[in-house]
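1. sequence and predicted model, in that order:
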Amino acid sequence: MNEIDDPRIPVTIVTGFLGAGKTTLLNHLLTSDHGQKIAVIVNEFGEIGIDHELIVGADDEIIEMNNGCICCTVRGDLVRIALQLLDRKFSMKGQAYNFDRIVIETTGLADPGPVIQTFLAEELLAQFFKMDAVVTLVDACHAHLHLNQGPEAQAQVAFADILLLNKSDLVTVEERTALEARLRHMNVSAPIYHTCQSTLDVRYVLDVNAFDLNHKLEIRPNLLHAHHHHHEDHVHSIILQDERPVQLQKINRFMDEWLVNHAEDTYRYKGIIHVDQVDRRVVFQGVHMMLGINTDRNWRDDEQRLTRIVIIGKNLDEAWFQQRFAECIVESTESTL
Ligand SMILES: Nc1nc2c(ncn2[C@@H]2O[C@H](COP(=O)(O)OP(=O)(O)OP(=O)(O)O)[C@@H](O)[C@H]2O)c(=O)[nH]1
């Protein structure tokens with residue numbers, strides 16, 4: 001489906017480690033002049049939430065989920081809340097609440113994967129909502145500490161469609177550059193913006209369709225060439241790319257094998273596939289085992305047909321991915337058969 005025609009309600013997930021600036025970003029989004037009504041879902045640990053007290057939206061609806069971490073115990077709650085919001089949006093009754101989009105702030109320790117999966121996997125949610133972007137706040141001052149400490153911060157970087165390097169007032173230009181290189185190695189496709197008080201033009205984070213790799217690659221084709229190898233982080237990105245067409249059955253087999261053997265370590269993957277004898281682009285994206293694949297528009301005459309796949313994961317065996325991908329490519333002598 002063409003993203004412009006997509007009538008579904010956009011969902012933005014705001015994630016990031018403890019204290020990175022998530023609530024500050026939320027306030028910025030709620031007070032900026034974009035003319036949209038935002039329904040906010042805030043997930044906090046503990047019975048009594050604090051964050052909602054700190055959120056400034058006047059008209060906007062703030063819904064708290066305090067019964068646990070959004071990625072573990074409250075997935076059912078998330079479905080229920082999203083469906084209730086939907087009900088109110090389309091309700092003919094007096095208290096209809098006609099919001100334009102949802103923003104979900106996860107706890108600092110949440111793995112955003114299950115939240116994305118919920119929106120992809122629950123049929124009703126997938127029908128009415130589309131993932132707009134996962135926005136990950138990184139505390140520029142403490143990022144190395146957070147990233148070295150445990151898998152959560154690394155996973156949040158891996159899942160990001162947009163990375164905000166926040167608190168840039170607290171670090172030097174050299175420190176920022178070094179951190180950016182580290183993040184770029186972990187997540188090759190997310191644009192990185194440097195922010196102070198989580199402030200930036202909202203057009204960089206809302207309605208960007210960032211979950212759809214196609215869009216991003218069209219804007220910044222060189223993203224795929226950024227490659228660094230100088231860090232020890234377990235999370236990193238792999239790029240599979242070739243101008244020659246791939247054979248459908250072979251790429252299907254490759255992806256089956258990939259999901260059977262490597263789904264757990266594959267946080268995010270997105271791609272456009274140039275399939276032999278097919279005039280339309282095949283696009284796919286997924287999270288762990290949850291894969292969505294479809295054909296979208298025809299290749300344009302003025303564009304290079306190209307397969308481009310980005311995989312972000314933990315301890316990935318790049319040689320295996322490259323080799324299996326290479327085996328899917330149709331040699332020019334075969335393609336006319
Ligand atoms: N110096 C500096 N402080 C900032 C910046 N952005 C946010 N802060 C401060 O950092 C603290 C944490 O910001 P929050 O927005 O509450 O962070 P959070 O990610 O929502 O925090 P948790 O909900 O605890 O995970 C607050 O005191 C903010 O005022 C910034 O760019 N520079």
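-> Arrived safely, thanks for sending.
2. what's the mean pLDDT across stretch 180-193?
-> For stretch 180-193, mean pLDDT is 89.
3. this protein: strands as residue ranges?
-> Taking DSSP state E, the strands of the chain run over residues 9-16, 38-43, 61-65, 101-105, 129-139, 162-166, 192-194, 235-242, 266-273, 280-287, 290-298, 307-314.
4. tell me how far the ends of stretch 161-176 are from each other?
-> 19 Å (C-alpha to C-alpha, to the nearest Å).
5. my bad, should have said stretch 145-161
-> 22 Å.
6. now for the closest residue in space to residue 266 that isn't next to it in sequence: which residues touch it?
-> Among residues not flanking residue 266 along the chain, residue 313 sits closest, at 4.2 Å (C-beta to C-beta, 6 or more residues apart in numbering). To be clear about C-beta, it is placed using only N, CA and C from the backbone, and glycine gets the same treatment. Applying C-beta atoms under 8 Å, 6 or more residues apart in numbering to residue 313 gives the contacts 158, 235, 236, 238, 262, 265, 266, 267, 268, 269.
7. do you know the pLDDT at residue 209?
-> Residue 209 is given a pLDDT of 75.
8. burial measure for it, as a count.
-> By other C-beta atoms under 10 Å, 18 other residues sit near residue 209.
9. I'd say it and residue 161 touch.
-> No. Using C-beta atoms under 8 Å, residue 209 makes no contact with residue 161, being 9.1 Å away.
10. sorry, back to before: least reliable of the strands of the chain going by mean pLDDT?
-> Mean pLDDT values for the strands of the chain show the minimum at strand 61-65, a mean of 62.
11. picking up where we left off before, what do residue 209 and residue 161 both touch?
-> Overlap of the contact sets of residue 209 and residue 161 (by C-beta under 8 Å, 6+ apart) consists of residue 133.
12. setting the sequence-adjacent residues aside, check what's closest to residue 268.
-> Ranked by C-beta to C-beta, 6+ apart and with sequence neighbours excluded, the top spatial neighbour of residue 268 is residue 312, at 4.6 Å.
13. what sits against that neighbour?
-> Applying C-beta under 8 Å, 6+ apart, we find residue 312 in contact with 158-159, 186-189, 235-238, 266-269.
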